[in-house]
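J.: Got a predicted model here, sequence first, then my questions.
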Amino acid sequence: MKRTWRWFGPSDLVSIDDVRQAGVEGVVSALHHVPTGAVWTRNEIALRQAQISRMVDGSPSGLMWDVVESLPVSEDIKKQKGDWRAHLDSYRDSMRNLADAGIGTVCYNFMPVLDWTRTDLAYRVATGATCMRFDLVQFAAFELHILKRRGAEDDYPVELRDAAAAAFAKMTDVQAEELTGNIVFGLPGSAEKLSLDDVRAHLAEYDKISSDRLRGHLVDFLGEVVPLVEELGLRLCCHPDDPPFPLLGLPRIMSTEEDYTKVMTAVDSPANGITLCSGSLGARPDNDLPGMMHRLGDRVHFLHLRNVRRESDEIRGSFFEDEHLTGNTDMVALIGAVLEEETRRKAEGRADWSIPFRPDHGQDILDDLNRKAQPGYPAIGRLKGLAELRGIISALSHSDRVRG
């Protein structure tokens, strides 16, 4: 398992020096400042590689850009309207430029309108640490009383609508604005920032796009790009929905093992793969993460290892980002399944036998609380998570255990 670390570029408050000291072997990054649908040029890719390769004092970092997260798929492609064919051409050009630069793994997602969604970016837990949280009542309050989405009432039972109304009644204007910002929060340096009117316009365009139709658009997208992915020797891997259940009346098509199986079967190529995110998928109680790794592991090209604590047993419910070893996912069992898959791949002679992973998200602890880095991506919280994950990997890989 290759240790990697997500880095958002020069604006990231966790520096390449910090990344190097964390003990990772590679970097996960993206060109967030490039507008979605535009080509990632060779010069921009080379610049990011150069930034990763040097520490603050100019000395070599010894790190390389190993995984792209993410090369974004435009809304036009997802909806198959507007400039979607031109965006496909740009996507292919970007992949050619990434392959020429020696970068082999490309993560993407097919979530409509919003990427990951949280209602609180600094939820305080009992230890005093803070983390990201999704509160279903708060989200319902946003959707029903701030966004005022047409038909939203039909998506919530009466008791949840009542709870949302009560929560909204207690909100100040500042709190309502903060909640809105949290839900439509973008990545640092992103070229696009959505307003409420932007969200409403996108939602209106998805009115006639069912889950089956959106899945068809994903299969069409893969049919257009996977032949080139195979030719270039790349690995393309789809990130799951986050959260893995319907929001805003939008279709969700990558939330369960069945969802992944449908897409992997429809475009049956080793290059068409999976980003197995234990946090995103783990927010849903019917997802068996170790089992998914056993059954779908052949197509897993990238791993996000994090944990969430579900606050109910419902498919759609509230949750918060827990410590890496104390959430609802059995991280020891999941890593054991990963190591078994790597052993199998190595025996087959696969060049990609070592699967890159990163300690995903993390709680803000100690100096993180004052650093105010990208929500979900603190320095010390992720370092703690990485240390815990490395301990499991070392224990399960120990020669004495293997002999036993």
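T.: Good, I have the coordinates.

J.: burial of the closest residue to Asp322 other than its chain neighbours, as a residue count?
T.: For Asp322, the nearest residue in space outside its immediate sequence neighbours is Arg309; the separation is 4.1 Å by Cβ to Cβ, 6 or more residues apart in numbering. Quick note: C-beta positions are derived from backbone N, CA and C, even for glycine. Arg309 sits with 19 neighbouring residues when counted by other Cβ atoms under 10 Å.

J.: Begin at 2, not 1, for the rest of this chat.
T.: I'll keep to 2 as the first residue from here, and by that count the last item is Arg310.

J.: strands paired with whichever strand or helix holds Arg310, and their directions?
T.: Taking DSSP states H and E as the definition, one finds Arg310 inside strand 308-311. Strand pairing for strand 308-311, using DSSP bridges, gives strand 320-323 (antiparallel).

J.: what residues does the strand it pairs with touch?
T.: 124, 126, 132-135, 244, 280, 284, 307-312, 328-329, 362-364, 377 (Cβ atoms under 8 Å, 6 or more residues apart in numbering).

J.: got it, and stretch 324-338?
T.: Outside of stretch 324-338, the residues within contact range by Cβ under 8 Å, 6+ apart are 2, 279-280, 283, 286, 290-292, 294-295, 298, 306-311, 322-323, 360, 363-364, 385-386, 389-390, 393-394, 397.

J.: Count the residues that sit near Asp361.
T.: The local packing count at Asp361 equals 22, with neighbours defined by other Cβ under 10 Å.

J.: correction: Asp260
T.: Here the neighbour count serves as a burial measure; for Asp260 (other Cβ under 10 Å) it reads 19.

J.: quick one on the thing from earlier: distance-wise, check the residue nearest to Asp323 relative to Pro245.
T.: Distance check for Arg310 against Pro245: by Cβ to Cβ, to the nearest Å, it reads 15 Å.

J.: Tell me which of the contacts of strand 320-323 fall in helices.
T.: Judged by DSSP state H, helices contain the following of those: Gly280.

J.: Which of the contacts of strand 320-323 are buried? Put it as a PyMOL command.
T.: What follows is the PyMOL syntax for the buried subset of these, where burial is set by 16 or more other Cβ atoms under 10 Å:
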select buried, resi 124+126+132+133+134+135+244+280+284+307+308+309+310+311+328+329+362+363+364+377
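
J.: pull the CA atoms of stretch 246-259 into CSV?
T.: Written as CSV, here are the backbone C-alpha positions of stretch 246-259 (Å, rounded to 0.1, in the frame of the first residue of the first chain):
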residue,chain,number,x,y,z
PHE,A,246,-27.8,8.9,-0.6
PRO,A,247,-30.1,11.2,-2.5
LEU,A,248,-29.9,15.0,-1.8
LEU,A,249,-31.7,18.0,-3.4
GLY,A,250,-33.8,15.6,-5.5
LEU,A,251,-30.8,14.7,-7.5
PRO,A,252,-30.0,11.3,-8.8
ARG,A,253,-27.2,9.4,-7.0
ILE,A,254,-25.6,6.5,-9.0
MET,A,255,-22.3,5.6,-7.2
SER,A,256,-23.5,5.0,-3.6
THR,A,257,-23.5,1.2,-3.3
GLU,A,258,-21.7,-2.0,-4.4
GLU,A,259,-24.6,-2.6,-6.8
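
J.: Could you list the buried residues of it?
T.: When burial is assessed from 16+ other Cβ under 10 Å, stretch 246-259 yields the following buried residues: Leu248, Leu249, Leu251, Pro252, Arg253, Ile254, Met255, Ser256, Thr257, Glu258.

J.: Quick one: distance of it to the chain centre.
T.: Here the centre of mass of C-alpha atoms in stretch 246-259, compared against the chain's by Cα atoms, centre = their mean, to the nearest Å, lies 14 Å away.

J.: pLDDT at Arg162, what is it?
T.: Looking at Arg162, its pLDDT stands at 97.

J.: helices or strands next to the helix or strand harbouring it in the packing?
T.: With elements taken from DSSP H and E, the one containing Arg162 is helix 159-171. On a contact count with 3 or more Cβ pairs under 8 Å, 6 or more residues apart in numbering; DSSP states H and E, helix 159-171 meets helix 137-142.
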